[in-house]
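*Asks:* Okay, sequence plus prediction incoming.
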Amino acid sequence: MNTELVKGVNWVGYVDWPVRDFHGYQTKRGSSYNAYLVKGETKIALIDTVKAPYVETLKAHVAALCALDQVDYIVCNHAEPDHAGGLPAMVAACPNAVVVCNAKCKDALEHHFDTSSWKWQVVKEGETLDLGGRTLQFFDTVMCHWPESMVTYLPEEELLFSMDIFGQHYATYCRFDDEADLNEVMQEAKTYYANIVLLYAKPVAAAAKKLLGLKLKMVAPSHGVIWRSHFDKILAAYLDWHVSKPTKKVIVFYSTMWQSTRLMAEAVAEGALESDVTVKLFDLKAVGDTELITELMDCASFAVGTPTLNQSLMPRVAAALTYIRGLKPAGKKAFSFGSYGWASKGAEEAQEYLKAMNCELISAPIICRFVPDEATIEKCREAGRALAAAALAVE
Ligand code: FEO
């Protein structure tokens, strides 16, 4: 596996092939925790670590390039444990290393670990660290993805260690974008954005704008492949994802109890399909939230269906809507629908979620008692046509 970014700068991280759950995010292609070793003429710096269980691999990768007591600095760009979990073991293994981070990160690390014996260098926005012929420069990227997040720039190589920004949960032996399957990389970058970055779209957009003032030959995130040939592609995609830019796509998702809400969902989809738009229909039994929010991020409009269960909505629908509401895809048109037996509550509660997401409601909840009759089915088709009209209006 080629790990050399440029001479004296190497990837030393861990590829986590089997991981399938990242705090609820279904990582169907695994992940990687990227750490990098930068050698200057006089100093050596390790940029980030890995999840705690994999620190022995990190140590071995570093030890193949230099003795551990030659590591002068360990930069911590982000205190989240997928990158900082291995920090205590690395500090212990590298007796001469000073931990370099910003003040908020130091505070976060002190709340995670016993840091009483650590040596620190707290850095501020734009500050530099001389490695001898090479310089590390630090930029705060607040809320990308935690308040303390920062990135590290190596100006002599025009190389940015971009932390979570531009990352992908993607296990591969290819370290670079031009070695891997770019379709897979872009799909995983999109999934990563929808599930990790979307809520922080504004600060990430602001950070990207700031960082684009730098000369960039290579961008090395903390997950997935390093961008050296197709950075323009991921950057263009980020500009769309920052605003949940809609495409001509309609999503219908639902849970059903005795098939009535399924019949309504299919009628909504049928109505939308009368227009030249992409329509996708998901039974929540068959789709996870990770895939669903990725589909929703670039749809123009969507509908959610739930029967009434125990005077509320179906738990699976509540879980999906809670997840989506937390990530806040912007600018969507939507409505809810569903059947009930003796008291209608489910579709109405679903509509409240849509309001909380600032969706533009294109219909009152469409409800029916027990089994939809033809008039209800036609009402669903008509609402589907309205979803499609919203998608057709996308430029
Ligand atoms: Fe990959 Fe926010 O940690």
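*Replies:* Received the coordinates, thanks. Residues are numbered from 1 along each chain as shown.
*Asks:* Please identify the helix or strand for the nearest residue to residue 143 once chain neighbours are set aside.
*Replies:* What sits nearest to residue 143 in space, not counting adjacent residues and going by Cβ to Cβ, 6 or more residues apart in numbering, is residue 203, at 4.0 Å. The C-beta positions use only the backbone N, C-alpha and C, and glycine is treated the same way. Using DSSP states H and E, residue 203 sits within helix 201-211.
*Asks:* Contacts for that helix next, please.
*Replies:* Helix 201-211 has contacts (Cβ atoms under 8 Å, 6 or more residues apart in numbering) with 139, 141-144, 151, 153, 160, 162, 165, 197, 235, 238, 241-244, 330.
*Asks:* Say whether the ligand is contacted by the next helix or strand after that helix.
*Replies:* The element immediately downstream of helix 201-211 (helix or strand, assigned by DSSP H and E) is strand 218-221. No - residues of strand 218-221 are not located near the ligand by Cβ under 6 Å from any ligand atom, the shortest gap being 8.7 Å.
*Asks:* Any buried residues in strand 218-221, and which?
*Replies:* 218-221 (16 or more other Cβ atoms under 10 Å).
*Asks:* now those in TSV, with pLDDT?
*Replies:* Output for the buried residues of strand 218-221, formatted as TSV (pLDDT from 0 to 100):
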residue	pLDDT
218	98
219	98
220	98
221	98
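*Asks:* Could you point out which of the residues you listed is nearest to the ligand?
*Replies:* Distance to the ligand, by Cβ to the nearest ligand atom, is smallest for residue 221 among these, at 8.7 Å.
*Asks:* who are the neighbours in contact with the closest one?
*Replies:* Residues near residue 221 by Cβ under 8 Å, 6+ apart: 34, 161-168, 227.
*Asks:* Equivalent analysis for residue 27, please.
*Replies:* So residue 27 contacts 19-21, 169 (Cβ under 8 Å, 6+ apart).
*Asks:* What score does the nearest residue to residue 349 once chain neighbours are set aside have for pLDDT?
*Replies:* Leaving aside its chain neighbours, residue 349 sits nearest to residue 313 (4.6 Å; criterion: Cβ to Cβ, 6+ apart). Looking at residue 313, its pLDDT is 97.
*Asks:* mind listing what's buried in the helix holding residue 203?
*Replies:* 201, 203-208, 211.
*Asks:* out of those residues, which one sits closest to the ligand?
*Replies:* Nearest to the ligand, judged by Cβ to the nearest ligand atom, of these is residue 204 at 11.7 Å.
*Asks:* May I have the one helix or strand in the chain whose mean pLDDT sits lowest as CSV, with CA atoms only?
*Replies:* Ranking every helix and strand in the chain by mean pLDDT, DSSP states H and E puts helix 201-211 at the bottom, with a mean of 91. The C-alpha trace of helix 201-211 is given here as CSV (Å, rounded to 0.1, in the frame of the first residue of the first chain):
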residue,chain,number,x,y,z
ALA,A,201,-23.4,23.0,6.7
LYS,A,202,-23.0,26.7,7.4
PRO,A,203,-19.8,26.5,9.5
VAL,A,204,-18.3,24.0,7.0
ALA,A,205,-19.1,26.3,4.1
ALA,A,206,-17.5,29.2,6.0
ALA,A,207,-14.4,27.0,6.8
ALA,A,208,-14.2,25.8,3.2
LYS,A,209,-14.3,29.4,2.0
LYS,A,210,-11.5,30.3,4.3
LEU,A,211,-9.4,27.3,3.4
